[in-house]
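>>> structure for this input, please:
(chains A and B)
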Number of protein chains: 2
Amino acid sequence: MAKNIISRSKDYSQWYIDIVKEANLADHSPVRGSMVIKPNGYALWENMQAVLDRMFKETGHQNAYFPLFIPKSFLSKEAKHVEGFAKECAVVTHSRLIATEDGVEVDPDSKLEEELIVRPTSETIIWDTYRGWIQSHRDLPLLINQWANVVRWEMRTRLFLRTMEFLWQEGHTAHATSEEAIEETEKMLEVYRVFAEEYMAVPVITGIKTESERFAGAENTYCIEALMQDGKALQAGTSHFLGQNFAKAFDVTFQDKDGKLKHVWATSWGVSTRLIGGLIMTHSDDDGLVLPPKLAPNQVVCVPIYKTDEEKTLVYDYINTFVAALRKAGIRVRTDFRDQYKPGWKFAQHEVEGVPLRIAVGPRDVANAVVELARRDTKTKVSMPIEGLTEVIQNLLVTIQNDLFETAKKRRSEMTSVVESYDEFKKVLDKKGGFIYAHWDGTPETEAKIKEETKATIRCLPLENPYKEPGVCIISGKPSKERVLFARAY
Amino acid sequence: MAKNIISRSKDYSQWYIDIVKEANLADHSPVRGSMVIKPNGYALWENMQAVLDRMFKETGHQNAYFPLFIPKSFLSKEAKHVEGFAKECAVVTHSRLIATEDGVEVDPDSKLEEELIVRPTSETIIWDTYRGWIQSHRDLPLLINQWANVVRWEMRTRLFLRTMEFLWQEGHTAHATSEEAIEETEKMLEVYRVFAEEYMAVPVITGIKTESERFAGAENTYCIEALMQDGKALQAGTSHFLGQNFAKAFDVTFQDKDGKLKHVWATSWGVSTRLIGGLIMTHSDDDGLVLPPKLAPNQVVCVPIYKTDEEKTLVYDYINTFVAALRKAGIRVRTDFRDQYKPGWKFAQHEVEGVPLRIAVGPRDVANAVVELARRDTKTKVSMPIEGLTEVIQNLLVTIQNDLFETAKKRRSEMTSVVESYDEFKKVLDKKGGFIYAHWDGTPETEAKIKEETKATIRCLPLENPYKEPGVCIISGKPSKERVLFARAY
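Got it, this is the predicted structure:
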């Protein structure tokens, strides 16, 4: 166990905080609930962005940028939307400061006529803009994404998982028909699933939210749900079918092929820096961060070991030779040639920071034409001939990526239960946690009762439900069409 | 001249607005002074970001992200800094809305204890953070960049050139010595010069700002200054040597090699979406946008011309063949296969949107194994054999890039004057505009007088001054060490 990191079994919550700190991912900021994303954390986010951005563009989307500030009146145009966000809005009311004896004060003369809301999400400002962009069926579909910061005034915050300001992408698309919009909603959910499973190595369950967990203003919210090591669920991404709600609120119509004026159909979908929290909590261990190779800023780190200057030259030259070959093959390699730190210190640092593979090279390795390879995830060490090293490492990175996914999947499977009664439900929840499949009568009342009594929520109605058979609700005894997925969640 | 675009000679200011609109670069937003960056504009920004980001990383910088909100008290810690920004701050004062009969109101109970400022720039929040990151000389240099949105409350705004919210990057570095910090300031100025000249094809003059034009809180501000087609200058990027001002204001010290505790030396540097405005105003013409190939989202567009379905198949197949080869060579090609638009309409659209090269292909071209190539910048058209097309286009893109730069440089040269008296200064300014080299006595009083009387400002004291000989000030007649660069500016 690494110094400064408490064990998961002792205090999971503190373990998470320790990892974020020791791996140099993020810091708290003096503004309560805001965070500073440090270079290690930001490099991870850049890699996630790059993959997602490519996937969005491959599915026909273009990026754009909409204003940070939303006029207060816009928010109230969609009734449920404002209800959902009114309680957590940062409100700009003035535009000037004036000097005083002790510093500065807000200039009362600079009060705005209409207050501005720092965007908590951009449906309103975007649909107000789309009114000017959409006239004819030829302007549809409109497939836009935005990378941006958003603010939701949260009181209980946790780095990456829940912060007042966070970075995200929000897709906002416009379609001529309901069918096309639903197809888009599902397509982007699938993009999120592929990203979570194939890049983050985080297995997810795709499903539909209940009415009470739906996005404010949506007709239907799809989600991907992941399971953390402590048995709590994490909503990792959402894709919303917005129906014509925003088109009607902002009067966005188009002339269809039949010559008739119709309201446009909408979707929106987003993932955020919260994914970094999910990544940490899925793979990391008591020694620090563990990163999937596909997203790791450095996939391999090389640490030289030497005593004399002569040995140093020998080892450096040797490393530079095979590193050039690795880089040529597209592998992200860092050479840690910092003189002021000892190899042992470097080993510990790169372990805590989660670099998937470490290569150590001493004079004896040079003499034998080998290197020492160490896997971060399994901690296994092995001596490997320099001959064919590039291919070995390429394969090893694939193996690590797959192993991380399989390990997480196995853990999820072990932490998934199917229960028949409310007693069993509560017992499993307290003893074991994890995902629980149980029958529910479909009413918000039953859902609320369970949430109140157990803090468990319906994570989703899974799209591919392995427990689809009908039964009776564990609370009300009323008929249930299928089991739904419960868990306590972040 | 394109429909909907007024000629530059008739109304330069309206011409700029027309270009932004017709090339689908940006829109006004309902929040006064804010803009919506449309997909064409954002794609251009993405390309600019990609190049700059690579250059920053190659010079050893890492990206990070700091909070949007700055506590009011932070701003006042550096006296000149707050003076510079107090009058244009968006102030967040509340955190909640409540429902009323007509919509929503700001909840008075949610008033913040300390107001938050939406960052106009991030020196204060970053230096407050650096206090925790820097202890020893081993933590230095700290080379960080941030891509972010910032807000400055502007009343007179113009899309891209001056908006309330804009996108930018801000580098913030920390160093052990004054020399190192100055070296960094100059290194990043050089990065900006290379980017402006070699990628944007915009010639710039590098120089140092006078005290009155200096960044609020800097010891020295370096800049790159470009000249627009109407003879007005545009400050295109700045790099600041901040001395120890912020380190002292936020008490950021380090233990040096000699064991002594010292204050850290700082730089900051930034360019913004304003560059897009500069790009437009340097190269575009009365037919629309003109883009340098290195930054153009699409470098080549292919437009098929056909009448029958048979011809369509023939032309499409032909295009697809050479397009595959072009893409393989790394050329960004768009095939405009939209059925609903006629070729003439497409020609006009791509011309207005500034695609550097257009390829048109009709059945006769297929029969003759040629294509018709049209350059956006010169409007020249030429028939080219399909054989060797990739190489021809690669070379042509390089030629266009160089030609744009040379044309802009020639124009700048023609619009640069050297004057000997204030009368001549005023005459040149009103008749011709452009850059004016003139002697100045080095006092803020003279500088202010000239600005007040002529609206011309000292753009910079050029680093490589072709008119370095001493003389006498055109206003006061006092001695002047060298001529400085004047212009009216955006």
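
>>> right, is stretch A:89-97 up against chain B?
Yes - among the residues of stretch A:89-97, A:C89, A:A90, A:V91, A:V92, A:T93, A:H94, A:S95, A:R96, A:L97 lie within reach of chain B under C-beta under 8 Å from any C-beta of the partner chain. No exception for glycine: its C-beta is placed from N, CA and C like everyone else's.

>>> for chain A, what's the longest helix?
In chain A, assigned by DSSP state H, the helix with the most residues is helix A:389-414.

>>> tell me the contacts of A:A249?
A:K77, A:E78, A:H81, A:T124, A:W127 (C-beta atoms under 8 Å, 6 or more residues apart in numbering or on different chains).

>>> over to A:S476?
Per C-beta under 8 Å, 6+ apart, neighbours of A:S476: A:D441, A:T443, A:T446.

>>> run the last query once more with 6 Å
Residues counted as contacts of A:S476 (C-beta atoms under 6 Å, 6 or more residues apart in numbering or on different chains) are A:D441, A:T446.

>>> what does the pLDDT read for it?
Reading off the confidence values, A:S476 has pLDDT 96.

>>> element containing it, please.
Assessed by DSSP states H and E, A:S476 sits outside every helix and strand.

>>> next, give phi and psi for it.
Main-chain torsions, A:S476, degrees, to the nearest 10: phi -90, psi -20.

>>> show me what contacts the residue in the stretch 151-300 of chain A that chain B sits nearest to?
In the stretch 151-300 of chain A, the residue that lies nearest chain B is A:W153 (4.3 Å; C-beta to the nearest C-beta). Taking C-beta under 6 Å, 6+ apart as the criterion, A:W153 is in contact with A:E88, A:A90, B:S95.

>>> now for the second one: which residues touch it?
Yep, that's A:A90 we're talking about. Contacts of A:A90 by C-beta under 6 Å, 6+ apart are A:V118, A:V151, A:W153, B:V92.

>>> now with 8 Å, please.
A:A90 neighbours (C-beta under 8 Å, 6+ apart): A:I117, A:V118, A:V151, A:W153, A:M164, B:F69, B:V92, B:H94, B:S95, B:L116.

>>> what about it, distance to A:P67?
Separation of A:A90 from A:P67 (C-beta to C-beta, to the nearest Å): 14 Å.

>>> swap in the last one?
In this structure, B:S95 and A:P67 are separated by 20 Å, where distance is defined by C-beta to C-beta.

>>> compare these two (neighbour count), which wins?
A:P67 (26 against 22; other C-beta atoms under 10 Å in any protein chain shown).

>>> which secondary structure element contains the more buried one?
Assigned by DSSP H and E, A:P67 falls outside every helix and strand.

>>> wait, isn't it in contact with B:S29?
Yes - the pair A:P67 / B:S29 is scored as a contact, 4.7 Å apart, by C-beta atoms under 8 Å.

>>> what do the two both touch?
A:I125, B:M35, B:V36.

>>> okay, now A:E179: neighbour count?
A:E179 has 10 nearby residues by other C-beta under 10 Å.

>>> next, it: secondary structure please.
Secondary structure state of A:E179, per DSSP: H, G, I helix; E, B strand; the rest coil, is helix.

>>> now the residue of the stretch 101-250 of chain A found nearest chain B, nearest residue through space, not along the chain?
Residue nearest to chain B within the stretch 101-250 of chain A: A:G103 (3.7 Å; C-beta to the nearest C-beta). For A:G103, ignoring the flanking residues on the chain, the nearest one in space by C-beta to C-beta, 6 or more residues apart in numbering or on different chains is B:S76 at 3.7 Å.

>>> what does the pLDDT read for that neighbour?
86.

>>> what's it sitting at in phi/psi?
According to degrees, to the nearest 10, B:S76 has phi -80, psi 0.

>>> measure it to A:G477 for me?
Distance from B:S76 to A:G477, by C-beta to C-beta: 65 Å.

>>> more neighbours: the two, which one.
Counted by other C-beta under 10 Å, B:S76 and A:G477 do not tie: B:S76 has more neighbours, with 21 against 11.

>>> would you confirm that that one contacts A:E105?
No - counting by C-beta under 8 Å, B:S76 stays clear of A:E105, with 9.8 Å between them.

>>> give me the nearest residue to whatever residue of the stretch 201-350 of chain A ends up closest to chain B, chain neighbours excluded.
For the stretch 201-350 of chain A and chain B, the shortest gap (C-beta to the nearest C-beta) falls at A:Q340, measuring 5.8 Å. Spatial nearest neighbour of A:Q340, chain neighbours left out: B:R138 (5.8 Å); criterion: C-beta to C-beta, 6+ apart.
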